[in-house]
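Chemist: here is a sequence together with a model predicted from it:
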Amino acid sequence: MSSKPIGIFDSGVGGLSIWREIHQLLPMESTIYLSDSKHAPYGPKGEKAIIDLSIKNTEWLINKGCKLIVVACNTATTNAINTLRKNYPLPFIGIEPAIKPAALQSKSKAIGILATKGTLGSQLFHKTSQLYSSDLLVIEQEGNGIVELIEDGALYSDEMKHLILSYLQPMLDAEIDCLVLGCTHYHFLTPILKQLLPAHVKIIDSGKAVARQTKKVLENTKLLNTTTVKKRNHFYTNGEKKVITSLLKSETAGITKIDF
Ligand code: DGL
């Protein structure tokens, strides 16, 4: 039983999509969200840089008293979660592209995966991909530039639409029926993707599964908050506050700009 907060970090605002699922499933839990927007995007960085940034974020959240850390970033998970688990005693939850559910649901046996260069190039991704994609055509696509536009508040720009169309075209040509969103930022593209994709193409992301796994681990480690201590949700960013504000809408509590 612990009233300490759950820590959540991402290279920026993408992990807010995960925060929302966790908050909905576990409304009695306090949360601290860390948006490392100043160092976004992580995707083009090498493994060592991604590990160093993940360590920096983890230590910041540990110093804030977090009881568990959700790495709400596919790029950080696939490159750094093994190191984090080795170095720190608290539980970590990660997020990876949902290839398995896509493989199980696909009838056309062709799926698309949109993710960052860092995720698609990682060993962890390769391992998972090999496990589930033997009888599938998998179209992997780097979503270069998407994170930057979202971090700049240009989610609904023409530039974004053009970029996405160009990334979807090879997948449409291959007649995919499932599109895996392998980056937490991409969740916010869902309304645009629904406009651009044929109706039968399923959009698959892992947000709900991450929230369920968080709950399970809190239960197993006896860290669920069953106290009556008033819960708090706080958001910290070393980027612009306005992008977080626009994505959180009315759910917002405190948003603090930090120099970090
Ligand atoms: N939200 C991160 C992810 O899930 C974005 C990575 C980046 O900053 O490039 O991969």
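Modeler: Here it is on my side, so go on.
Chemist: tell me which parts of the stretch 151-260 of the chain are close to the ligand?
Modeler: 183-185 (CB under 6 Å from any ligand atom). For glycine as for every other residue, the C-beta is placed from the backbone atoms N, C-alpha and C.
Chemist: who wins for neighbours among those?
Modeler: Going through these with other CB atoms under 10 Å as the criterion, the one with the most neighbours is C183, at 32 neighbours.
Chemist: that one is in contact with I113, isn't it?
Modeler: No - counting by CB atoms under 8 Å, no contact exists between C183 and I113, whose distance comes to 9.9 Å.
Chemist: may I have the phi/psi pair for the residue lying closest to Q105 once chain neighbours are set aside?
Modeler: Of all residues not flanking Q105 in the chain, C178 sits nearest, at 5.7 Å (CB to CB, 6 or more residues apart in numbering). Dihedral angles of C178 (phi, psi; degrees, to the nearest 10) stand at phi -140, psi 140.
Chemist: got a list of what P5 touches?
Modeler: With contacts taken as CB atoms under 8 Å, 6 or more residues apart in numbering, P5 has the following neighbours: 29-32, 64-67, 232, 234.
Chemist: for P89, which three-state class applies?
Modeler: Three-state call for P89 (DSSP: H, G, I helix; E, B strand; the rest coil): coil.
Chemist: related to what we said a few turns ago, in CSV: the contacts of P5, plus pLDDT.
Modeler: Conversion of the contacts of P5 to CSV gives the following (pLDDT from 0 to 100):
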residue, pLDDT
E29, 96
S30, 96
T31, 97
I32, 97
K64, 97
G65, 97
C66, 98
K67, 98
R232, 89
H234, 95
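Chemist: tabulate those residues (TSV), appending secondary structure, distance to L223 and neighbour count.
Modeler: What follows is the contacts of P5, written out as TSV (DSSP: H, G, I helix; E, B strand; the rest coil; distance: CB to CB, whole Å; neighbours: other CB atoms under 10 Å):
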residue	secondary structure	distance to L223	neighbour count
E29	coil	9	24
S30	coil	12	21
T31	strand	13	20
I32	strand	15	22
K64	coil	16	14
G65	coil	13	12
C66	coil	10	22
K67	coil	5	20
R232	coil	17	12
H234	strand	19	15
